[in-house]
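A.B. asks: sequence and computational prediction follow.
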Amino acid sequence: MSLWSLVAEESATRCCTSATADINTVRRRFEHEGLSFLTITLPDFGKSIQKWLDLGQVGINPSFSIGRGRLPLFLGGFVSRVFNRDTGVLLDEPCIDAIIALRQLTLMFGKIELPCTSQRELHAMQNYVKCEQDVRVFDMDLSQEDLADFRRMSNMLFSGIFTQMDRDVYYGEMLPKHGPGSVADGLTSNGKYQMRTWTTRLEGVFPSYEYLIPNHHFTDVLNEVNVLEPGAEMPVKVISVPKTLKTPRIIAMEPSWMMFVQQALLRTFSSAFERDNLLPKLIGFDDQTPNQEMARQGSADGRTATLDLSDASDRVSNQLVREMTKQWPHLHKAIDAARSRRADVPGHGVIRLSKYASMGSALCFPVEAMVFTTLIFLGIQRSLNTPMTRKDIRSLSDLVRVYGDDLIVPVDHVHTIVQTLEHFGARVGLSKSFWTGKFRESCGKEYFNGADVSIVRVRQALPSTIADVTEVISTVSLRNQLYIAGYSGVVGWLDKRLGRILKFYPLVAPTSSVLGRVSFSGYQTERMHPGLHSPLVKGYVVKAKAPIDELGGIPALHKCLLRLESGGRLRGLNSHVELVPCYRSGLAPRFQSREPSSWVPPMSQDEKHLERSGRPKAVSIKLGWRSPF
């Protein structure tokens, strides 16, 4: 409450208005409604304001009363600098500072990571099951003509990638890996390399003798492998993780053997994707900057719209994915074999899945991106009412961009694109999609008429002691973001609070590993490094140690060879080296040399990976001398 009040006062000073009545309103409702007022009610009001900016006129929000004229009483001093008090219409030159203030004061606590109530979690699980039912309905409603149109557009976009992937699957040119995350069968990070479960579906594409052992010298290990028939396969484990106080994030933990081969397919997809001369201009996986820049440009010139999809991954039909890969039999079989067919949903038991995959699958993100990109261009084609060519697609590469469920599309075709997306089962979140006015939002950045109106969000509760490690780290980050945003009064208040918790709290550069105060005046130096003669400062540094997870024997050898391959130092699991001769059945070794110099000792950068592995279960902060920049 204190933090909100300070931000309100400083925002009011910037906008030459008063926030006294607003602070009293928030304090009164906070006492009556609790934290949900800051984390749910205010963010809902903020989303309404964003839609008003897009529509160019104030609408109705039932949470706050209307004063004289058309504007709400709450935050009225800010709203009146953006909208006309009498008509509610957007001003010709609205105050950018007031727009930022309105967004900051309403949305600041909207994404704080706090656990939901059990009722909200139950509702989220029910929504997961309902999404599944919706996917089935849309599957039945799609005509053969719809599927043919989808397949033709997909082929035009992705035939090059699918051809390369199909070849890689046929020749076994795929490299699997285990990640550090949790899996449905509960194996630890290193324990996954002792995995002795496979499935009949996987065996047909990813033979266990090629993927579960280092080479043919260890085939006796395969006697321990339990190969599951389709009906006996383990379902994905659906769980909730904190997202906002309003709703949790629902994800699905895959069995370790499924994730293992999903990573292999992901690698071959990434390799083919990077070599394509068009698709990286349309789809992003690692860099959100192009989406953000296109959103900024769209807010200024009005040529592009930003669309947000609700429950995006849970609404991607497996039927569409099968249509996409239909003409590539080896890839088609691999994509299907690496997909879990059932899910164990708390309160609902095991259900059969019609979606391709939930969040948690390594293939979820690229598959949904390909499906959404196909539907966007199918919508454009239907809007133009003429068949498109790849040349036509290339000409639109500066107007279309997909990053997960954040879509940027041409305004001229937005209505047909929205209709096409929803016809094929996606759900466009109209409250977070913008194309009418000058407001745009994509990948965490917001713009109005070319101006950045993004805000600083509170992600964690404020700390009370140094033992609140996650809260301390988050609050230091919050302080520095507010400093860069110009909230000097709020920063001073946070510095006093953090100063009582952190004994050492120095001035540092934004790139420093030390938990400290970012300042435009520079960083402080307390002493020089005795060997490097570079500046040092004393402060707290975040430490996150992987849990103890020892691995030895054949599984350790398997892990080392996989890591060598991923590092590019050997060219395949069948690499024939002096230490371990590895062949794959039916194929000659690709790496022929037997010289000792051909083998590189494993894990020079992470020598203890066979002793510790996996995601840290907790983080800590440790006092020490580090560089201030």
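C.D. replies: Okay, I see it.
A.B. asks: how close does Gln50 get to Ile99?
C.D. replies: In this structure, Gln50 and Ile99 are separated by 9 Å, where distance is defined by C-beta to C-beta, to the nearest Å. Just so you know, the C-beta spots here come from the backbone N, C-alpha and C atoms, and that holds for glycine as well.
A.B. asks: and Leu282, by the same measure?
C.D. replies: Separation of Leu282 from Ile99 (C-beta to C-beta) stands at 31 Å.
A.B. asks: next one: Ala124
C.D. replies: When distance is defined by C-beta to C-beta, Ala124 is 32 Å away from Ile99.
A.B. asks: ok, these two, which is more surrounded?
C.D. replies: Neighbours around Ala124 and Ile99, counted as other C-beta atoms under 10 Å, are more numerous at Ile99. The numbers are 24 against 18.
A.B. asks: residue contacts, the more buried one?
C.D. replies: For Ile99, the set of contacting residues under the criterion of C-beta atoms under 8 Å, 6 or more residues apart in numbering consists of Leu53, Val82, Phe448, Val453.
A.B. asks: quick one: the third one and Phe434 touch, right?
C.D. replies: Looking back up the chat, that one is Phe448. No - contact between Phe448 and Phe434 fails when scored by C-beta atoms under 8 Å: they sit 10.0 Å apart.
A.B. asks: now do the shared contacts for those two.
C.D. replies: Shared contacts of Phe448 and Phe434, defined by C-beta under 8 Å, 6+ apart, are found at Arg440.
A.B. asks: about what we covered before: pick out the most distant pair among the contacts of Ile99.
C.D. replies: Distances among these were taken as C-beta to C-beta; the most separated pair is Val82 and Val453, at 10.8 Å.
A.B. asks: what is whichever strand in the chain runs longest packed up against?
C.D. replies: Of all the segments of type strand in the chain, defined by DSSP state E, the longest one is strand 535-543. Judged by 3 or more C-beta pairs under 8 Å, 6 or more residues apart in numbering; DSSP states H and E, strand 535-543 is in contact with strand 507-508, strand 514-515, strand 527-528, strand 620-626.
A.B. asks: nearest to Leu222 among the ones you listed would be which one?
C.D. replies: strand 620-626 (42.2 Å).
A.B. asks: got the buried residues for that closest one?
C.D. replies: Of the residues in strand 620-626, those with enough neighbours to count as buried (16 or more other C-beta atoms under 10 Å) are Ile621, Arg626.
A.B. asks: next, the angle strand 535-543 makes with that strand.
C.D. replies: Compare the direction of strand 620-626 with that of strand 535-543 by axes from the mean of the first three to the mean of the last three C-alpha atoms, to 10 degrees and you get 160 degrees.
A.B. asks: next one: phi and psi at Asn524?
C.D. replies: Wrong residue type there; residue 524 is Gln, not Asn. With angles defined as degrees, to the nearest 10, Gln524 shows backbone torsions of phi -100, psi 150.
A.B. asks: again, but for the one 5 residues further on
C.D. replies: As for His529, its main-chain torsions (degrees, to the nearest 10) stand at phi -70, psi 130.
A.B. asks: got a list of what it touches?
C.D. replies: Pro535, Leu536.
A.B. asks: quick one: pLDDT of it?
C.D. replies: What the model reports as pLDDT for His529 is 90.
A.B. asks: and the spatially closest residue to Ile501 that is not a sequence neighbour, what does it touch?
C.D. replies: With sequence-adjacent residues excluded and distances taken as C-beta to C-beta, 6 or more residues apart in numbering, Ile501 is closest to Ile466, at 5.3 Å. Applying C-beta under 8 Å, 6+ apart, one finds that Ile466 lies in contact with Val472, Ile501, Leu502, Ile621.
A.B. asks: quick check: Ile466 vs Lys503, distance?
C.D. replies: Distance from Ile466 to Lys503, counting by C-beta to C-beta: 8 Å.
A.B. asks: which residues touch Glu550?
C.D. replies: Taking C-beta under 8 Å, 6+ apart as the contact definition, Glu550 lies against Asn190, Leu610, Glu611.
A.B. asks: what do you get for Ile96?
C.D. replies: When the contact criterion is C-beta under 8 Å, 6+ apart, the partners of Ile96 are Phe448, Ala451, Val453.
A.B. asks: try Gln164
C.D. replies: By C-beta under 8 Å, 6+ apart, the contact list for Gln164 reads Thr268, Ser271, Ala272, Arg275.
A.B. asks: any idea which helix or strand carries the closest residue to the last one other than its chain neighbours?
C.D. replies: When the adjacent residues along the chain are set aside, Arg275 lies closest to Gln164, with 7.6 Å between them (C-beta to C-beta, 6+ apart). Counting by DSSP states H and E, the element that carries Gln164 is helix 144-171.
A.B. asks: good, we can wrap up now.
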